[in-house]
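A.B. asks: quick one: sequence plus predicted model below, questions after.
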Amino acid sequence: MSRLRLPLYLKILLWFGVNLLVLAFLVFGFLSMQFRMSLDWMLSGEAGERVSAIGDSLTDELSRLPEQQWPEALQRHGAQYNVTFALFSSNGTQIMGTQVQVPPEVLPKLIDKRGPNDRPPPRRPPPGVTRKRPSDAPPKPRFMLRAGDPAHYWAGVHLDLTQQSDHRPLTLLMVSNTITGGGLFFDLWPWLGLAAAALLLSALVWMPFVRGITGFIGRLNHAAGRIAQGNFGERVSRSRNDELGELSSSVNTMAAQLGEYVAEQRRITADVAHELCSPIARMQMALGVVDQRSTPEQAGYLKKLDAELQHMAKLVEEVLAFSKAETLPERETAEDINLHDLIVAVIAREAPEADIQLAVSTDLQVHSLRDALDRAIGNVLRNAARYAADSGPVQIHAKQQDGKTVIRISDHGPGVPPETLPRLFEPFYRPEAARRRSTGGSGLGLAITKRCIEACHGTVIAKLREPTGLEIVISIPTA
C-alpha cells in the first residue's frame, strides 16, 4: 500500500490550520475560565439582538392574545429554531409552555430583580401596529448559561407584558441541547466562513514564501537526480542567502569534486588498460614461439594459457572502449544513417548464425554518430545471441515516434531478476546467472552501450518480457 504523497506547500498550510485550531481552543478555554461557564458574553453581539428581537416580538403578540392561545404562540416560535420556549413569572415559577426541569443554577436568573422604576412605562400599541423598541432604549436584561445533567443551554430575556391595564413582568426561557440553538444563540456559518477566509488569506500571504522554498527544493532535487545519473556538470544557481543557498553551494561543490574524482578514475583506468596492451601482446608472441617448440604433452597447457591471454586481451579492449566511449562526441561527427543497413551489418558481424527477426523499414533514416550507434546495437545483439539464442528468435523492431527513433531488441531467454534491472548498465556488473566463464563477459557491454547512446543524446532502458525474456529499448533523436 503506497503512502499518500502531499506537496510540501499543502503540509505547511495544514500545519498552519492546526495552529489556528489550537489557538482557537486556547481562546475558548480561557474565555470559559474567565466567565466560569457563564455564556452571557455570547449575547453581547448579534445573538443578543436576536434574543431581544424574539422577546419584543413575543411581547407584542402575547399582549394581543388571550392566555389560552399563549402556548400555541410559544410552540410556534420555538419550532422555528427547534428550541423549547417557556414563560416564567417574576418569582421564577413556570406559568406557560413545555414543562422544563430548571437546574438550580438557572433559577436565580429567572427572577426579575428590576424595580418598578427600572421598567419602561406600560404602553400598549394600537391594534395592527407592532411596537418597536427605540434605538436608544437600553436592552432588556438577558442571560445565557450551560447547566443541568445532561447539560443544556439556557437563555432568557425579561419581558414587560402589558395586557389590558395589567402590567405583567415575565421571563422568556429558551432551552436547547446545542450551543447554536438552531442559529438563535450562535450562528455557525459566519464563523466557518471567517475560518475559510482566514485560511485562504493565509495561503495567499504565505504563497510567495513557501513557493520560493518548494520551488528551490524542486530545482535542487532535479539537479541532484542529474548528478546521480552521472551528469557532474549540473549546477544549482545560488539565488538565496540562507541555509538553502548554502546547501546549493555544497551540492555544486560535491558535483565538481565527484566529476573530478570520476574523471581521474576513468583516466587511470584507461591508462592502466593501455599499458596492459603491450605486455599482453608480448606474452602472446612469446607463447607462439614456445608453442612451436613444445612437446605434445605441453600443448594442452599452452592452449589453456593462450585462452587466458585472449580473455585478458578482450577484457582490456573492452575497458579501453568503455573509456573512449565518453569522448565519442568529440571524435565523431553526426551523419545521416540508414538504420536498416546499419543493423544488417551489425547482425552479419555479431550474430551471423543466430535466428533474428528484423522488422525495420529499409528507408528509416537517423542523424547520429555511426560508430557509437553501431557499437551500442552490436553489444546488445551479442548479449541476446549469447544468452538467449537457444530460447527462440531475437526480435529487432525500430520505428519513429514523437520525434525520436525507438529501437527494441528483445529475446525469449531466461531474463534477469527484477531487482537487477536498475544495475544492468553499471560498469562491471553482471547478474549471478551471467557470471559463468563460458558465457559471461566482463560486465562492460551494456555500460558501453549506455555511454554510446548518451553520446548520441539518447536513452537506453531494460525491461522484462512476459512470460520470459529481456527487452532493451534504445531511443535516439531522429534529427
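C.D. replies: Now that the structure is in, tell me what you want to look at.

A.B. asks: buried stuff in stretch 461-475?
C.D. replies: For stretch 461-475, burial by neighbour count (16 or more other Cβ atoms under 10 Å) applies to 462, 469-472, 474-475. Just so you know, the C-beta spots here come from the backbone N, C-alpha and C atoms, and that holds for glycine as well.

A.B. asks: how about stretch 305-322?
C.D. replies: The neighbour-count check on stretch 305-322 (16+ other Cβ under 10 Å) flags 305, 309, 313, 315-316, 318-322 as buried.

A.B. asks: double-check that residue 186 belongs to a strand.
C.D. replies: No: assessed with DSSP: H, G, I helix; E, B strand; the rest coil, residue 186 is coil; it does not lie in a strand.

A.B. asks: list the contacts of the closest residue to it other than its chain neighbours.
C.D. replies: Among residues not flanking residue 186 along the chain, residue 180 sits closest, at 4.7 Å (Cβ to Cβ, 6 or more residues apart in numbering). Residues in contact with residue 180 (Cβ atoms under 8 Å, 6 or more residues apart in numbering) are 186-188.

A.B. asks: for residue 180, phi and psi?
C.D. replies: phi -80, psi -30 (degrees, to the nearest 10).

A.B. asks: how much space is there between it and residue 83?
C.D. replies: Distance, residue 180 to residue 83, by Cβ to Cβ, to the nearest Å: 10 Å.

A.B. asks: just residue 57 next, same as before
C.D. replies: Counting by Cβ to Cβ - residue 57 and residue 83 are separated by 14 Å.

A.B. asks: just to revisit the earlier point, any idea how far the residue nearest to residue 186 is from residue 50?
C.D. replies: Distance check for residue 180 against residue 50: by Cβ to Cβ, it reads 12 Å.

A.B. asks: same question, residue 265
C.D. replies: Computed with Cβ to Cβ, the distance linking residue 265 and residue 50 is 81 Å.

A.B. asks: ok, those two, which is more surrounded?
C.D. replies: residue 50 (19 against 10; other Cβ atoms under 10 Å).

A.B. asks: hmm, residue 184 and that one touching each other?
C.D. replies: Yes: assessed by Cβ atoms under 8 Å, residue 50 is found in contact with residue 184 at 5.8 Å.

A.B. asks: still on that earlier bit, higher neighbour count, residue 57 and residue 83?
C.D. replies: Neighbour count, other Cβ under 10 Å: between residue 57 and residue 83, residue 83 has more, with 22 against 14.

A.B. asks: the more buried one touches residue 181, doesn't it?
C.D. replies: Yes: with contacts counted by Cβ under 8 Å, residue 83 reaches residue 181, the gap being 5.3 Å.

A.B. asks: who touches both of the two?
C.D. replies: residue 174.

A.B. asks: could you check how many residues crowd around residue 256?
C.D. replies: 13.

A.B. asks: which SSE is it in?
C.D. replies: According to DSSP states H and E, residue 256 maps onto helix 243-292.

A.B. asks: contacts for stretch 221-232, please.
C.D. replies: With Cβ under 8 Å, 6+ apart as the test, stretch 221-232 has contacts from 234-236, 251, 254-256, 258-259, 262.

A.B. asks: in the helix or strand harbouring residue 28, which residues are buried?
C.D. replies: Residue 28 belongs to helix 8-35 when assigned by DSSP H and E. By neighbour count on 16+ other Cβ under 10 Å, the buried set for helix 8-35 is 9, 12-13, 16.

A.B. asks: find me the pLDDT at the residue nearest to residue 186, would you?
C.D. replies: For residue 180, the model assigns a pLDDT of 83.

A.B. asks: ok, now how distant is it from residue 281?
C.D. replies: Residue 180 is 95 Å from residue 281, by Cβ to Cβ.

A.B. asks: cool, and residue 66?
C.D. replies: 128 Å.

A.B. asks: just how off-centre is stretch 64-83 within its chain?
C.D. replies: Distance of stretch 64-83 from the chain centroid (Cα atoms, centre = their mean, to the nearest Å) equals 57 Å.

A.B. asks: now do the end-to-end distance for that stretch.
C.D. replies: Stretch 64-83 has an end-to-end distance of 23 Å (Cα to Cα, to the nearest Å).

A.B. asks: pLDDT averaged over it - what is it?
C.D. replies: 89.

A.B. asks: flag every buried residue along it.
C.D. replies: 70, 73-74, 77-78, 81, 83.

A.B. asks: farthest-separated two in those?
C.D. replies: Spatial extent of the buried residues of stretch 64-83 (Cβ to Cβ) is set by the pair 70 and 81 at 17.9 Å.

A.B. asks: next helix or strand past the helix or strand where residue 79 lies?
C.D. replies: Here residue 79, judged by DSSP H and E, is contained in helix 70-81. Sequence-wise, the next helix or strand downstream of helix 70-81 (DSSP H and E) is strand 84-89.

A.B. asks: contacts for that following strand?
C.D. replies: Against strand 84-89 from outside (Cβ under 8 Å, 6+ apart): 58, 70, 74-75, 77-78, 94-100, 110, 156, 170-176.

A.B. asks: which of those fall within strands?
C.D. replies: Within the contacts of strand 84-89, residues falling in strands by DSSP state E are 94-97, 156, 170-176.

A.B. asks: from those residues, keep the buried residues only.
C.D. replies: Of the ones in strands among the contacts of strand 84-89, these count as buried by 16+ other Cβ under 10 Å: 94, 96-97, 156, 170-176.

A.B. asks: any chance of these in TSV, with distance to residue 332 too?
C.D. replies: Converted to TSV, these look like this (distance: Cβ to Cβ, whole Å):
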residue	distance to residue 332
94	103
96	103
97	99
156	95
170	103
171	100
172	97
173	96
174	91
175	91
176	86
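
A.B. asks: make TSV out of those residues and add distance to residue 106 and pLDDT.
C.D. replies: Output for these, formatted as TSV (distance: Cβ to Cβ, whole Å; pLDDT from 0 to 100):
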residue	distance to residue 106	pLDDT
94	11	90
96	17	88
97	15	89
156	8	89
170	16	86
171	10	89
172	13	90
173	8	92
174	11	92
175	9	93
176	13	92
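
A.B. asks: for residue 196, state which of those is nearest.
C.D. replies: Using Cβ to Cβ, these come closest to residue 196 at residue 176, 25.5 Å.

A.B. asks: chain center to whichever strand or helix holds residue 200: distance?
C.D. replies: Residue 200 belongs to helix 188-228 when assigned by DSSP H and E. Computed by Cα atoms, centre = their mean, the chain-centroid distance of helix 188-228 equals 13 Å.
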